[in-house]
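# No sequence on hand, only this structure:
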Ligand code: IPE
Ligand code: IPE
Ligand code: MG
């Protein structure tokens, strides 16, 4: 029985977030340039989007480039930007054919103009698609997102003071990049690093975390289903006791 067949299709997470890490080490192991690792990583991303769609995941968020990644060597950053344009252009037809909606989260002001234009073209063209939503975190930093939200709220308050006591978590959420996206039930990080690296800090408050040593370019559909299977074995208690959870079943 394949791992996919073992999945409980009643309990597929709606939203899976992925920190796609390990491209550089994968390339190094094979005596290749780092950029070749990123190319292999882009292929893996395509596969995982397909895998997610096959089992009915509704949202997949892929951490492609962090705000901190702007500090990498110039060549690597330029290579990554070129790769982004290329893979999004190559995938445009498939995305449309497969009813996939593309969304971007991050500080887009920092992106080169051509990358910005190309990506937003696809975001617009796919906006009415109703299948899987692929969210690319690009030039993304979670602290930056939270501070931007606070700035928006303060400026709204300045223009139109409101009752601070009535301000709720939902009011706060409505200022995040992810305002229309449910929180991820599952966060996957590849390559053996056990950290979050400034990713979705607010949104993963109650996510299940899954870490694997597999390097991102080697992370295939089988590995993805393994992560989903592992998730399905967890008990999500949200502060309650095991007994309370059993009573709800
Ligand atoms: C992840 O792979 C991709 C990006 C951060 C863009 P890395 O490039 O971080 O790979 P390692 O961590 O050096 O192996
Ligand atoms: C995190 O990976 C960002 C992405 C996967 C795009 P990094 O490889 O940049 O993370 P750190 O800096 O090692 O934590
Ligand atoms: Mg890394």
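Arrived safely, thanks for sending. Just so it is clear, the model here is predicted, and its values are computed rather than measured. Ligands and ions are numbered 1, 2, ... in the order given.
# Specify the beta-bridge partners of the residue nearest the centre of the chain.
The centroid of the chain falls nearest to residue 61 when counting by C-alpha atoms, centre = their mean (2.1 Å). Beta bridges link residue 61 to residue 17, residue 135, judged by DSSP bridges.
# tell me the contacts of it?
Residues in contact with residue 61, defined by C-beta atoms under 8 Å, 6 or more residues apart in numbering, are 15, 16, 17, 18, 105, 135, 136, 137, 181, 184, 200. From N, CA and C alone the C-beta is placed, and that goes for glycine too.
# quick one: contacts for the fifth one?
With contact taken as C-beta under 8 Å, 6+ apart, residue 105 is in contact with 61, 135, 136, 137, 138, 140, 145, 177, 178.
# Turn these into CSV, including pLDDT and distance to ligand 1.
Below are these laid out as CSV (pLDDT from 0 to 100; distance: C-beta to the nearest ligand atom, whole Å):
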residue, pLDDT, distance to ligand 1
61, 98, 15
135, 98, 16
136, 96, 12
137, 97, 11
138, 97, 10
140, 98, 11
145, 98, 18
177, 98, 19
178, 98, 20
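# How about the helix or strand hosting residue 64, which residues are buried there?
Using DSSP states H and E, residue 64 sits in strand 59-66. For strand 59-66, the neighbour count (16 or more other C-beta atoms under 10 Å) marks 59, 60, 61, 62, 63, 64, 65, 66 as buried.
# quick one on the thing from earlier: just the buried residues of the contacts of residue 105.
Neighbour counting by 16+ other C-beta under 10 Å classes 61, 135, 136, 137, 138, 140, 145, 177, 178 among the contacts of residue 105 as buried.
# Most widely separated two among these?
136 and 145 (14.4 Å; C-beta to C-beta).
# Give me every residue in the protein lying close to ligand 1.
20, 21, 22, 23, 24, 25, 65, 69, 80, 191 (C-beta under 6 Å from any ligand atom).
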